[in-house]
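[1] Fold the following, please.
(chains A and B)
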Amino acid sequence: MEKNIEKLLLRVEKPARYIGGEYNTPDMNKAASVRFCLCFADIYEVGMSNLGIGILYDILNNRKDIVCERCFTPWVDFGDILKENDIPLMSLETKKPLKDFDMVGFSVPYEMSYTNILYMLDLAKIPFRAKDRGEEFPIIVGGGPAAANPEPIIDFFDMFFIGEGEETLVKVCEIAARYKGNKAKILAEASKVEGVYVPSVCEVKDGICVTKVKKSTVKDLNAAHYPVKPLVPNIEIVHDRGVIELFRGCYAGCRFCQACFYYRPIRYREKERVEEIAENLIKNTGYDELSLSSLSTGDYEGIEEVISSLKDISERENVAFQMPSLRLDSFSKDLIDTSRTGSLTFAPEAGTQRLRNVINKNITDEDIEKSMKASFEAGYRSVKLYFMLGLPTENDEDVLGIADIVRRIKRIYMETTRRKDININVSTAMFIPKPCTPFQWAAQISEEEMYRKQNLLKKELFSIKGVHYSWHGARDSVMEGIFARGDRKLSFVIESAYNKGCRFDSWSEHFRFDKWKEALAENDIDINEYARERDTKETLPWDFIDYGVSKKYFEKEYKLAMEGKTTDPCKHNCNGCGASQTAKCRMAGGVCSC
Amino acid sequence: MLTIAFEKTQNSVFVAHTDILRSLNRTFRRAGINVGYSKGFNRHMSLKLTQPLPFGVASKEEWVTADTDFADADLALRLFNENCPPSLKASRAFVVKTNPNLGGKVVASDYKLYSPEAINHKEEIINAFNNLEIGKKGSPEEKINATHLIYKADVDEEGIYVLSAFGNKNVRMDMVAAHLNALFNLDIEVTDIIRLTQYVETDGKLISAEEYVRSLI
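    As a prediction, this is how the structure comes out:
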């Protein structure tokens, strides 16, 4: 590493974030026709915990003709130092300035990371807007969960990947190699690839894109590439373990959940493949903990057989298997026996059966109680419960219902264990209507109403011993709500906010609501315009995206929600959501009524 | 027991001690060297290291002892190096009968402080070690007299060589560098400092940690 950068690293917190050199780093010196820098709009510890980054990095570097490096948002101390010393933001592996790459790709994990994209572009000395970048700048691409509605940030990108990027990204890199030096040609050819959204070649009417873009979907997940020699970080990261992705999509159909619908249809990695990945990960990383990851791990068909075979590996290799995202309706003692956590986490989401029916969270009070009893019998003394506030049709009875659930859990604990020392951690987030969900038309409650509900619940929970309550901020929920269903006008708000000093907005110590409000006002943006309920006849900014799941299906589900009616999970019978038009769906035996 | 000498150079100087321990843990696992675990709920791999250096200081010789029945030192060395991060390469491995407890036994270390300008002040620098008052980390205005903890000092074309106390009585080389920088307008950064060897005391004299470990084979 250059001496001047070494000296600067001594002045920052956790300099190991910026050094690279991890075990399993691929060959960065091979001849390559495309040099790609994969960026994540948050710090190293968060980005390296992201499976998508790991998959894309591995896929690209496995290609003989592509070198992929990484860059994460530098923490503010290092960012300031780079600026003071006029050093452009560079990649981790070879310390190459970002602007010297052929392509720079941003994985955008959440709406409140938008200013970090501008922060990185600014540090890299790359103009923010695509229209201001000539041939001398790399092609800037985006993707990740924010791709469900990229409109608020689309002006900053030359192209955006909608859906799963594993196959799409390679095709686009091939195009970039073929037409190197001719950005317009690259963009024109890339726009023909399924899943690639190139705004410059799309038609726009009244500020809304009208050229259809179909989400790209990996057809055969079992055969799809999976990194079995991933980078092993030199420092502790948020999820410091190996990850095995069991399946994609979710059959539950909770109406608020974007991931459930966005990652449909449901596709599996088979048991033998899971075992193969587990063995290779352990051998190649040395991790003593692996996580079985999916939206709802307990719902994996044959999970008991998988656990049984992984138990053998666990004992032989002294490895623990984590199972996050256990649903209360598919929970069993077998699932927790393998896990080595101190507490279990569940997400009932709503305090009453009525509201759970509205959001289609098909769990009953009996499911909750049965799962809690099983947990306590297994020896757990601590549970975490996630709920949402501000859900459509929610009333105060629903909010107070959360406290009732907590009291019932405490009673079950005392009856099961004859002890009083339970720890119940309750966490609430604010409901945010998201595109690609049945609730994409629902209103978001006001900031004042958010505080009122939080205080109502706080008062109840604080009176119960052994309960700790934490809540997600109202103000960042307001901003997230604006961006989630935002349009192209918001790029000016994001730029204004960044110029006022906003960055790391998902970090509470950095989030500056006052600056965001100034940015909104300067750009004549009315919060209520974005928080309001939408008419189902309205054209939405993201309507041009074909998610597979049809808008008609979302509308039907929204109507059912307002009537308080549920839809059965599609595990045994297809509900006709439309997702299997993008790839074959595992559920309902593959028999689709779409 | 397996005792391995490894270097901590390049990027590893920026990695904290607990993270180095985690890296070593994973290195042994990848290498297929079965190391025992502690008992209790929160089990951890039984690895013993010598005391950590200040952040940013490199080292040609760090030691780790693993509680294992692995009996082939040459094979252990090869497997370690095939499975370690690039900046934690091992140079020697020994199968020993008992835990050398280097963490408790090491009492001295020698270092090189790289500075091409130092040779211009050779005599003054050597004299400065005869009356060495250095600041404490965190409160540099609070001075301590470390003269008696410096066992040898010399200057050559590359920089300054120092043999000093390490372990229970410890001289921080980063604070020595800061002191010399102030006195002689040198520009020694923490990353210009490298530890060369560690020493234990037997029968009133210093022997290298390697010599001591070899006596336990």
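[2] switch to C-alpha atoms for all contacts and neighbour counts from now on
    Fine.
[3] for residue A:434, what are its contacts?
    Residue A:434 sits next to A:256-258, A:440, A:481, A:484-485 when contact means CA atoms under 8 Å, 6 or more residues apart in numbering or on different chains.
[4] so what's residue A:405 closest to, chain neighbours aside?
    In space, and not counting its chain neighbours, residue A:405 is closest to residue A:351: 6.8 Å by CA to CA, 6 or more residues apart in numbering or on different chains.
[5] Could you give the backbone dihedrals for that neighbour?
    phi -80, psi -10 (degrees, to the nearest 10).
[6] Confirm for me that it is in contact with residue A:402.
    Yes. Using CA atoms under 8 Å, residue A:351 is in contact with residue A:402, at 4.1 Å.
[7] related to what we said a few turns ago, strands - which of the contacts of residue A:434 land there?
    In strands, judged by DSSP state E, none of these are found.
[8] what pairs with the nearest residue to residue A:150 once chain neighbours are set aside across the strands?
    Closest residue to residue A:150 apart from its sequence neighbours, by CA to CA, 6+ apart: residue A:160 at 7.6 Å. Taking DSSP bridges, one obtains residue A:142, residue A:197 as the residues bridged to residue A:160.
[9] Is residue A:160 in contact with residue A:196, as I believe?
    Yes. Using CA under 8 Å, residue A:160 is in contact with residue A:196, at 5.9 Å.
[10] Quick check, the residue in the stretch 451-594 of chain A closest to chain B?
    Residue nearest to chain B within the stretch 451-594 of chain A: residue A:466 (22.9 Å; CA to the nearest CA).
[11] and that residue, how many neighbours?
    15 (other CA atoms under 10 Å in any protein chain shown).
[12] Residue 208: how many residues sit nearby?
    In the absence of a named chain, this looks at chain A. Here the number of neighbours of residue A:208 (other CA under 10 Å) works out to 18.
[13] Not quite, go with chain B.
    By other CA under 10 Å, the residues close to residue B:208 number 16.
[14] For it, give me its contacts.
    With contacts defined as CA under 8 Å, 6+ apart, the neighbours of residue B:208 are B:197-200.
[15] Looking at these, which are in strands?
    Among the contacts of residue B:208, the members found in strands (DSSP E) are B:197-200.
[16] Skipping its backbone neighbours, what lies nearest residue B:2 in space?
    residue B:95 (4.7 Å).
[17] how about the residues of chain B that lie near chain A?
    Within chain B, the positions lying close to chain A (CA under 8 Å from any CA of the partner chain) are B:10-11, B:14-16, B:19-20, B:23, B:25-30, B:56, B:83-87, B:189, B:191.
[18] Around chain B, pick out the residues from the stretch 1-150 of chain A.
    Residues of the stretch 1-150 of chain A lying near chain B by CA under 8 Å from any CA: A:1, A:6-7, A:10, A:14-16, A:19-23.
[19] Buried members of these into ChimeraX, please.
    With 16 or more other CA atoms under 10 Å in any protein chain shown as the burial test, the buried ones among the residues of the stretch 1-150 of chain A next to chain B are selected in ChimeraX as follows:
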select /A:6,10,15,16,19,20,21,22,23
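[20] hmm, back to that, columns distance to residue A:154 on top of the contacts of residue B:208, output as a markdown table?
    Putting these into a markdown table (distance: CA to CA, whole Å) gives the following:
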| residue | distance to residue A:154 |
| --- | --- |
| B:197 | 57 |
| B:198 | 58 |
| B:199 | 61 |
| B:200 | 63 |
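[21] These into CSV, with extra columns for neighbour count and pLDDT?
    CSV is the format used below for the contacts of residue B:208 (neighbours: other CA atoms under 10 Å in any protein chain shown; pLDDT from 0 to 100):
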residue, neighbour count, pLDDT
B:197, 17, 97
B:198, 29, 97
B:199, 24, 97
B:200, 23, 97
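[22] re the thing from before, report how many residues lie close to the residue nearest to residue B:2.
    Residue B:95, neighbours per other CA under 10 Å, totals 23.
[23] my guess is it contacts residue B:3, does it?
    Yes. Residue B:95 is within contact range of residue B:3, at 6.4 Å (criterion: CA under 8 Å).
[24] Count the residues that sit near residue 63.
    Since no chain was named, I'll use chain A. 12.
[25] try again with chain B
    Residue B:63: 21 neighbours (other CA under 10 Å).
[26] again, but for residue B:114
    Residue B:114, neighbours per other CA under 10 Å, totals 23.
[27] after the lowest-mean-pLDDT helix or strand in chain B, next one along is what?
    Every helix and strand in chain B was compared by mean pLDDT, DSSP states H and E; the lowest is strand B:139-145, with a mean of 84. Moving toward the C-terminus from strand B:139-145, the next helix or strand (DSSP states H and E) is strand B:150-155.
[28] which parts of that following strand are buried?
    Buried, per 16+ other CA under 10 Å, within strand B:150-155: B:150, B:153-155.
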